[in-house]
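Engineer: following is a predicted model, sequence given first.
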Amino acid sequence: MSTSETTRYVRLRVDVVLEIDGPAELTEAAEARIDGDEFMPEEERVQAREAAREDSAEALAYLVEPFDLIRDVPGIEMVQASWSSEEIEYDPDALEWDLGEEDGAEEGHDQS
């Protein structure tokens, strides 16, 4: 079998920093998603609503679906996914927020 015919696994890492400028709207959307989840037990639903009300990062985590990133990409199947969301201190000028454009990070998404 050639390389193109064998299964290969690729880990895709995405870091996104979001500014929450509408916390009430975010919480409302998260609660709607939680209420619409037909597979979530009621006890878990109550805890999820409370967590979303108390923490914008928790609310966001209920709204993000990694499968949506790759849903229409041909030739792949999601094997595993995990994600997390946390409130952070953000300074766009700090070195830790440098996305690495100058250190070769762009190699990973070369489209040639």
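Structural biologist: Everything's here; your move.

Engineer: low-confidence stretches in the protein?
Structural biologist: Where the chain drops to pLDDT under 70, the residues are 1-5, 99-112.

Engineer: helix or strand for residue 18, which one?
Structural biologist: Assigned by DSSP states H and E, residue 18 belongs to no helix or strand.

Engineer: burial count for it?
Structural biologist: 12 (other Cβ atoms under 10 Å). No exception for glycine: its C-beta is placed from N, CA and C like everyone else's.

Engineer: how far away is the residue lying closest to it once chain neighbours are set aside from residue 8?
Structural biologist: Of all residues beyond its chain neighbours, the one nearest residue 18 is residue 60 (7.1 Å), with distances taken as Cβ to Cβ, 6 or more residues apart in numbering. Look at residue 60 and residue 8: by Cβ to Cβ, to the nearest Å, they are 31 Å apart.

Engineer: compare these two (neighbour count), which wins?
Structural biologist: A count of neighbours by other Cβ under 10 Å puts residue 60 above the other of residue 60 and residue 8, at 21 against 6.

Engineer: what separation do you get for residue 64 and residue 57?
Structural biologist: Computed as Cβ to Cβ, the residue 64 to residue 57 distance reads 11 Å.

Engineer: more neighbours: which of these two?
Structural biologist: Shown here are residue 64 and residue 57; by other Cβ under 10 Å, residue 57 has more neighbours (17 against 13).

Engineer: the more buried one sits in which helix or strand?
Structural biologist: When elements are assigned from DSSP H and E, residue 57 belongs to helix 56-63.
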